[in-house]
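**Student:** pasting a predicted model and its sequence here:
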2 protein chains.
Amino acid sequence: MTFWEKLEQAARRNRSLVCVGLDPFMGKLPDCVKETDRPFFEFNRQIIDATCDWVCCYKPQAAYYAGADRDNELKMTIEYIHERAPEVPVILDVKRGDIGSTAEQYAAEAFERYAADAVTVNPYMGFDAVKPFLDHADKGVIILCRTSNPHSGDFQNLVADGVPLYEHVARRVRDEWNYNRNAALVVGATYPEELSRLRSICPDLWFLVPGVGAQGGDLEKVVISGCNSAGNGIIVNSSRGIIFADRSEKFAVAAGEAAAKLRDQINSFRFRQS
Amino acid sequence: MTFWEKLEQAARRNRSLVCVGLDPFMGKLPDCVKETDRPFFEFNRQIIDATCDWVCCYKPQAAYYAGADRDNELKMTIEYIHERAPEVPVILDVKRGDIGSTAEQYAAEAFERYAADAVTVNPYMGFDAVKPFLDHADKGVIILCRTSNPHSGDFQNLVADGVPLYEHVARRVRDEWNYNRNAALVVGATYPEELSRLRSICPDLWFLVPGVGAQGGDLEKVVISGCNSAGNGIIVNSSRGIIFADRSEKFAVAAGEAAAKLRDQINSFRFRQS
């Protein structure tokens, strides 16, 4: 089964467009997991147990594991998701981008070493930096387009031939890079007008939408602007809003409740729309 | 001492603008190291011993270690350089780029976990994705501008306000991102005209120049186009041309000779120019 088939199945089964970002940070972990041998894994395991019926996918951010020298706990986390919730796919958020022979190594990192189902990549270096990922037809390749951060417009908003850079990226992905029907775009929740514009340009692409919750994106606008005509097509990522919803020993229960609540809120806007 | 002070000192001491790219790949390693417990480290150690008098820096490409699940050998390699050749700085080639809080984790990965002196980063997400690196004033931050790969022009050559995207990046780095005097640009050897243009726009920035050798960049044009008025300002990276110059048990001697030869070739063009 490809990443997208798996995603669509999980989204249907759990009636959910929620992605939980697994971004553990030692300073924010509850004491009860901080003191274990593998705090990131232990934290994630309990979060996964509590949320796996309310989500369509998980998205660990590789930087949090790399910065803390805990790659092994990233690997264990993804293995655990595959065992505990085999119907829920995993996006490894790495935003890699490098020349072809090097990108092949990064594809090996994501798809073999970590057994992720999908990966995020950076388009700045052009097609040959993305192709080694796209060639894995069963894997998802989610390309940065319009990101959610405050200075994302520095270059993404530059207008060339009457069209901003991020729209050039979207068109290129739609017209040329999606030859295996496995490409998608990262479009931040903080720019709903641009999300809407990108939906009209790319009616059939999935968008990974970070930036609701802690980053301030308006959920209703995101759902209305981002969903396709079937009320699908967006993966709404929330990290801190779910995993750090409560920082006591009840963190996992709180995360499950936050994930369920986000799912229901999204669905209320989806169903109102359709 | 900052990265740039260290680099300038090594460049002067070794009369060299050569950077050796430490990109080991299991399929290309000589049998005599392939059979050891830590083949990447063992290979690098011998390469470092043989080349450290002919270079101004080293540049391990993180992807090769990540793809092969050999991060520990990357760490050992950088530690070994700091011990064996403490005057020679290390650029960790990671090309990271992510939102601020995540970029801080990547900065911790590069500067704390791996103890690199400098790092490569991707500008697509804008200032707040690069700032966590730039804020380490003693570290070098080398930002992708015009890369050497075949499809690098897909977006980098898009013209906005009369200027290609890569030039917007260069101007932004020159005017705004270099507040700690620790920023530089990646400019591929395969586009000498653009290298020349960027040198005229940014007379005081250092350029990391990949793409000579295996990727086909013309060395003479690179030196003439890229050096600043003092015959400095470029770091010429060669990976495969040096580390895989010979694949027998004499690989290290051959790497030393290849590094010395590249150094001398570059110097012949530098000195002819000035």
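**Tutor:** Alright, I've got the coordinates. Residues are numbered from 1 along each chain as shown, chains lettered A, B, ... in the order given.

**Student:** hey, let's count contacts and neighbours off CA atoms from now on
**Tutor:** Will do.

**Student:** residue farthest from the centroid of chain A?
**Tutor:** Within chain A, the residue lying farthest from the chain centre (C-alpha atoms, centre = their mean) is A:Asp161, at 30.2 Å.

**Student:** what residues are up against that one?
**Tutor:** Contact analysis of A:Asp161 by C-alpha atoms under 8 Å, 6 or more residues apart in numbering or on different chains lists B:159-160.

**Student:** what's the distance between it and A:Pro203?
**Tutor:** As judged by C-alpha to C-alpha, to the nearest Å, A:Asp161 and A:Pro203 stand 22 Å apart.

**Student:** and for A:Phe244?
**Tutor:** Taken as C-alpha to C-alpha, the span from A:Phe244 to A:Pro203 is 34 Å.

**Student:** cool, A:Arg113 as well?
**Tutor:** 33 Å.

**Student:** can you check A:Ala260 too?
**Tutor:** For A:Ala260 relative to A:Pro203 (C-alpha to C-alpha), the value is 27 Å.

**Student:** looking at the two, which is more packed in?
**Tutor:** A:Ala260 (22 against 15; other C-alpha atoms under 10 Å in any protein chain shown).

**Student:** pLDDT wise, what is the more buried one at?
**Tutor:** Predicted confidence (pLDDT) for A:Ala260: 98.

**Student:** I'd say it and A:Ala50 touch.
**Tutor:** No: look at A:Ala260 against A:Ala50 with C-alpha atoms under 8 Å: they stay out of range, at 9.8 Å.

**Student:** so A:Phe251 makes contact with A:Asp31?
**Tutor:** No: with contact defined as C-alpha under 8 Å, A:Phe251 does not reach A:Asp31; the gap is 10.6 Å.

**Student:** with neighbour numbers in mind, choose between those two.
**Tutor:** A:Phe251 (22 against 14).

**Student:** phi and psi next, for the more buried one.
**Tutor:** phi -60, psi -40 (degrees, to the nearest 10).

**Student:** look up how far chain B lies from it.
**Tutor:** According to C-alpha to the nearest C-alpha, to the nearest Å, A:Phe251 stands 22 Å off from chain B.

**Student:** and that residue, what does it touch?
**Tutor:** By C-alpha under 8 Å, 6+ apart, the neighbours of A:Phe251 are A:30, A:47, A:243-245.

**Student:** in those, which residue is surrounded by the most others?
**Tutor:** Going by other C-alpha under 10 Å, A:Ile243 tops the contacts of A:Phe251 with 29 neighbours.

**Student:** that one and chain B: what is the separation?
**Tutor:** Counting by C-alpha to the nearest C-alpha - A:Ile243 and chain B are separated by 16 Å.

**Student:** and that residue, its phi and psi?
**Tutor:** Here is the backbone geometry of A:Ile243 (degrees, to the nearest 10): phi -70, psi -30.

**Student:** all strands of the stretch 1-150 of chain A, in order?
**Tutor:** A:18-22, A:57-60, A:91-96, A:118-121, A:140-146 (DSSP state E, counting those that start in this stretch).

**Student:** what helices or strands is the last one leaning on?
**Tutor:** Translated: strand A:140-146. strand A:91-96, strand A:118-121, helix A:127-134, helix A:165-172, strand A:183-187 (3 or more C-alpha pairs under 8 Å, 6 or more residues apart in numbering or on different chains; DSSP states H and E).

**Student:** who touches the third one?
**Tutor:** The one in question is helix A:127-134. Against helix A:127-134 from outside (C-alpha under 8 Å, 6+ apart): A:97-100, A:103-104, A:107, A:121-123, A:139-141, A:177-178, A:180, A:182-183, B:149-152, B:154.

**Student:** then the first one?
**Tutor:** Contacts with strand A:91-96, where a contact means C-alpha under 8 Å, 6+ apart, come from A:57-63, A:103, A:106, A:110, A:116-122, A:140, A:143-144, B:95-98.

**Student:** noted, bye for now.
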